[in-house]
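Asker: need a 3D model of the sequence below.
(one chain, ligands or ions: 2)
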Amino acid sequence: MSKKILITGGAGFIGAHVVKLFVKKYPQYEIHNLDALTYAGNLENIEDIAHASNYKFIKGDIKDIDFINSLFDKERYDGVIHLAAESHVDRSISNPNAFIETNVLGTANLLNAFRDIHQDNFKDKLFYHVSTDEVYGSLGETGLFTETTPYDPKSPYSASKAASDHMVRAYGNTYDLPFVISNCSNNYGSYQFPEKLIPLFIHNIKNNKSLPVYGDGKYTRDWLFVEDHAKAIDLIFHQGNVGETYNIGGFNEWTNLNLIQLLCEMMDEKLDRPKGTSAKLITFVKDRAGHDRRYAIDATKLNKTLGWTPSVTFEQGLDKTVDWYLENQAWLENVTSGAYQEYYKKMYETS
Ligand code: NAD
Ligand code: DAU
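Answerer: Numbers count the residues shown, from 1 in each chain. Ligands and ions are numbered 1, 2, ... in the order given. Sure thing, here's the model as predicted:
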């Protein structure tokens with residue numbers, strides 16, 4: 001069946017993988033990619049599908065109500081897969097308003113526009129909201145986040161994502177707007193902006209720069225290969241139940257220090273450096289304010305109801321990821337030049 005689908009944030013890390021998967025897998029769909037091209041968005045991430053006949057890039061801001069309304073009026077999208085967001089916790093600590101504006105108000109603009117064009121007939125329409133496990137807050141040493149874990153966001157980023165999730169559910173309840181939400185754990189893989197742990201540390205190891213570990217380094221994250229997230233989004237978009245939430249994660253918990261140790265070992269080998277060289281770069285720095293101790297996702301529902309499982313182990317995914325960054329130094333150099341230098345100085349030289 002032919003559909004016109006709007007993917008937001010498709011020039012960012014996860015969005016680029018989702019856009020590419022949909023454009024290649026569904027030639028019968030018309031895929032529009034709406035992205036404001038903030039510091040995190042980069043057209044190089046989607047270069048290989050730029051000229052596909054079922055694809056169009058639209059530069060625009062989800063905060064711009066008039067622009068969003070006229071775009072939806074004109075294009076009358078059957079589906080929206082909404083990924084555009086401010087996504088970095090550290091930036092949300094220094095500039096929370098940017099997160100409220102894009103993540104909360106921007107999401108509301110999309111919901112209003114989607115409701116307004118279809119409110120007489122929502123048949124076969126879907127608003128897919130891509131969210132995060134951080135809305136559930138922080139775990140102690142045991143337990144997992146399930147779809148019914150109460151929301152308890154603790155950073156401006158996670159609070160803004162939680163607010164947007166609540167708005168999506170409220171539109172479902174109030175206007176019968178058909179939606180699905182997925183809450184995913186930490187992603188890693190190609191095209192991730194190197195302000196996030198894994199690409200930042202790969203970049204620093206390569207350049208013999210220190211590896212800034214926040215606090216005691218015993219914070220725990222549950223890591224998922226980005227291509228497996230994109231596949232889960234495809235499955236949920238097509239087979240998920242309207243009005244439901246799906247947690248996505250790989251049952252793959254690592255303390256930051258253990259992960260960094262593994263990364264250092266891999267990098268020593270790939271860069272042909274004596275064992276232990278990269279680990280010497282580890283430097284403990286001031287902790288992130290309000291740092292969530294542990295995230296861990298229970299993805300049983302997605303596995304049992306839709307049959308999704310991750311396609312790679314963490315070691316395989318990390319190996320591919322390290323290779324990608326080493327083979328794509330030009331991409332890294334491009335995104336770390338200019339404004340990023342200022343951010344890095346401000347963020348790390350005072351920690
Ligand atoms: P990212 O920061 O790499 O990309 C975000 C994209 O959104 C960029 O291309 C940016 O230009 C665009 N964007 C930002 N503000 C915009 C605006 N006002 N209008 C239009 N476009 C705008 O983020 P990501 O890591 O790819 O995350 C994508 C989504 O997935 C986010 O909603 C995030 O909350 C969620 N998520 C991320 C992770 C993760 O580990 N990275 C895990 C779970 C959920
Ligand atoms: O859980 C999903 C979330 O994962 C997503 O919703 C967010 O968009 C994404 O950014 C990510 O959030 P985290 O804060 O967990 O990711 P980050 O890569 O920033 O940090 C991972 C862990 O590493 C965290 O405990 C903080 C720590 N860290 C991070 C950086 C950048 C360091 O110790 N040093 C660093 O320099």
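Asker: can you show me the strands along the stretch 251-351 of the chain?
Answerer: For the stretch 251-351 of the chain, the strands defined by DSSP state E, counting those that start in this stretch cover 253-255, 282-285.
Asker: scratch that, the stretch 51-200 of the chain
Answerer: Assigned by DSSP E, counting those that start in this stretch, the strands in the stretch 51-200 of the chain fall at 55-59, 79-82, 126-132, 179-184, 186-188.
Asker: the ones you listed: which one's closest to N247?
Answerer: Shortest distance between N247 and the strands of the stretch 51-200 of the chain, using CB to CB, is found for strand 179-184: 5.3 Å. Glycine gets a C-beta too; all of them are placed from N, C-alpha and C.
Asker: for that closest one, what is the average pLDDT?
Answerer: Averaging pLDDT along strand 179-184 gives 98.
Asker: per-residue confidence for the closest residue to ligand 2 within the stretch 251-351 of the chain?
Answerer: Closest approach between the stretch 251-351 of the chain and ligand 2, counting by CB to the nearest ligand atom: N256, at 4.7 Å. Residue-level confidence at N256 comes out at 98, pLDDT.
Asker: count of neighbours near K56?
Answerer: With neighbours defined by other CB atoms under 10 Å, the count for K56 comes to 13.
Asker: partners of it in the sheet?
Answerer: Per DSSP bridges, the residues bridged to K56 are H32.
Asker: list the contacts for it?
Answerer: E30, I31, H32, N33 (CB atoms under 8 Å, 6 or more residues apart in numbering).
Asker: who wins on neighbours among those residues?
Answerer: Ranked by neighbour count (other CB under 10 Å), the contacts of K56 have N33 at the top, with 31 neighbours.
Asker: helices of the stretch 201-350 of the chain, residue ranges please.
Answerer: Assigned by DSSP state H, counting those that start in this stretch, the helices in the stretch 201-350 of the chain fall at 226-239, 256-270, 300-306, 314-327, 329-336, 339-348.
Asker: got the contact list for K24?
Answerer: Here K24 is in contact with I49, A52 (criterion: CB under 8 Å, 6+ apart).
Asker: make sure it is indeed in a helix.
Answerer: Yes - looking at K24 with DSSP: H, G, I helix; E, B strand; the rest coil, it is inside a helix.
Asker: which one, of the strands of the stretch 51-200 of the chain, ends up nearest to S311?
Answerer: Nearest of the strands of the stretch 51-200 of the chain (CB to CB): strand 186-188, 13.9 Å.
Asker: picking up where we left off before, now, which of the contacts of K56 sits nearest ligand 1?
Answerer: Among the contacts of K56, and counting by CB to the nearest ligand atom, the member closest to ligand 1 is N33, at 9.3 Å.
Asker: pLDDT score for whichever residue of the stretch 201-350 of the chain sits closest to ligand 1?
Answerer: Residue nearest to ligand 1 within the stretch 201-350 of the chain: H229 (7.2 Å; CB to the nearest ligand atom). Confidence at H229, expressed as pLDDT, is 98.
Asker: isn't it right next to A16, touching?
Answerer: No - judged on CB atoms under 8 Å, H229 makes no contact with A16 at a distance of 11.8 Å.
Asker: ok, now which residue in the chain is the farthest from the centroid?
Answerer: Residue farthest from the centre of the chain, counting by CA atoms, centre = their mean, is P274 at 34.4 Å.
Asker: and this protein, which of its residues are near ligand 1?
Answerer: Applying CB under 6 Å from any ligand atom, we find that the chain lies next to ligand 1 at 8-9, 11-15, 35-38, 40-41, 61-63, 83-87, 102, 106, 130, 132, 161, 184, 186-187, 193.
Asker: so which of those belong to helices?
Answerer: F13, I14, G15, K161 (DSSP state H).
Asker: from what I can see the last one touches E86, true?
Answerer: No - using CB under 8 Å, K161 and E86 do not qualify as a contacting pair, with a distance of 9.6 Å.
Asker: tell me, what's touching those two both at once?
Answerer: Both K161 and E86 are contacted by N103, under the criterion CB under 8 Å, 6+ apart.
Asker: the two: who's more crowded?
Answerer: More crowded of K161 and E86, by other CB under 10 Å: K161, with 29 against 24.
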